[in-house]
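Student: Make a model of this:
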Amino acid sequence: MLERIRAMIAEPIAMPESVRRLGARAAQPFQRYVEPVKRAIAPSWEASRAWFDKREPREKVLIRAAGAILAVILLYNLIYAPIVGLQESLADRVASRRSDLIELRGLTRSYEQLQHELTQAEQRTVPDNPNFSLFSVIEQTLTKSVGRERIGSITPTDTTVAGGFRQYSVAIKLNGITLAQVVDTLYGVQSLGIPVTVSNLELHQHANDSHSYDVDMSCMALAKNG
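Tutor: Below you'll find the predicted structure:
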């Protein structure tokens with residue numbers, strides 16, 4: 001067994017001539033750095049070689065085997081492990097960039113959706129002029145659907161909101177109306193010639209009549225400033 005190991009270690013590895021030439025060509029730029037190193041370690045190398053030559057054949061086999069194992073360890077730690085670590089790092093970076101790209105595409109779709117909604121909102125606006133009154137429009141509609149006596153209050157407000165819009169709102173209280181009148185009221189608001197939205201609707205049973213309801217509702221319309 002020792003003779004086989006000795007023969008395997010001692011046998012030189014045959015390399016193709018083309019590979020040798022390629023290796024020699026690749027090593028040429030480093031020759032000026034290699035030669036000083038060779039001269040510096042030459043005495044130690046000769047002393048180590050003389051010491052090795054004095055060893056017994058069995059000791060030489062063990063030393064060569066230990067040297068081969070050490071070379072494998074060095075190659076693994078200095079070349080293989082860094083390359084594997086670099087590949088894993090690149091894979092992590094690629095995965096991170098892919099995740100960022102997916103997130104960016106999602107944000108782009110959200111932006112396009114918001115742009116579409118903004119365009120739709122701009123199309124559903126009322127003329128912004130001093131003569132427009134959402135209060136008057138809603139009051140006329142409610143008078144037709146439930147009668148003036150059922151209107152508890154109509155409170156108008158208008159504010160400027162983001163995007164260059166003005167929001168007109170009215171808070172409405174209706175007293176003691178039937179479900180049919182509730183439906184007529186909602187239909188009347190939705191049938192107006194201007195885009196008015198019912199933003200809130202609450203029904204409460206009337207205290208003195210279980211078949212009628214008190215209604216709190218809010219209507220809103222947007223106008224584009226300028």
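
Student: Now Q205: which helix or strand?
Tutor: Using DSSP states H and E, Q205 maps to strand 197-206.

Student: Can you work out which other helices and strands pack against the longest strand along the chain?
Tutor: Identified as the longest strand of the chain according to DSSP state E is strand 209-224. Strand 209-224 sits against helix 134-145, strand 165-177, helix 179-190, strand 197-206, with contacts defined as 3 or more CB pairs under 8 Å, 6 or more residues apart in numbering; DSSP states H and E. Heads up, the C-betas are built off the backbone N, CA and C, glycines and all.

Student: Please identify the buried residues of that strand?
Tutor: S212, Y213, D214, V215, M217, S218, C219, M220, A221, L222, A223 (16 or more other CB atoms under 10 Å).

Student: May I have the residues that are in contact with the closest residue to the third one other than its chain neighbours?
Tutor: It refers to D214. Excluding the flanking residues, the one nearest D214 by CB to CB, 6 or more residues apart in numbering is H204, at 4.7 Å. For H204, the contact set (CB atoms under 8 Å, 6 or more residues apart in numbering) comprises Y213, D214, V215, D216.

Student: Out of those, which comes closest to S96?
Tutor: Using CB to CB, D216 is the member of the contacts of H204 that sits closest to S96, with 51.7 Å.

Student: what's near enough to touch the residue nearest to A171 when sequence neighbours are not counted?
Tutor: Once flanking residues are discounted, A171 sits nearest to T155: 4.4 Å by CB to CB, 6+ apart. By CB under 8 Å, 6+ apart, the contact list for T155 reads V170, A171, I172.
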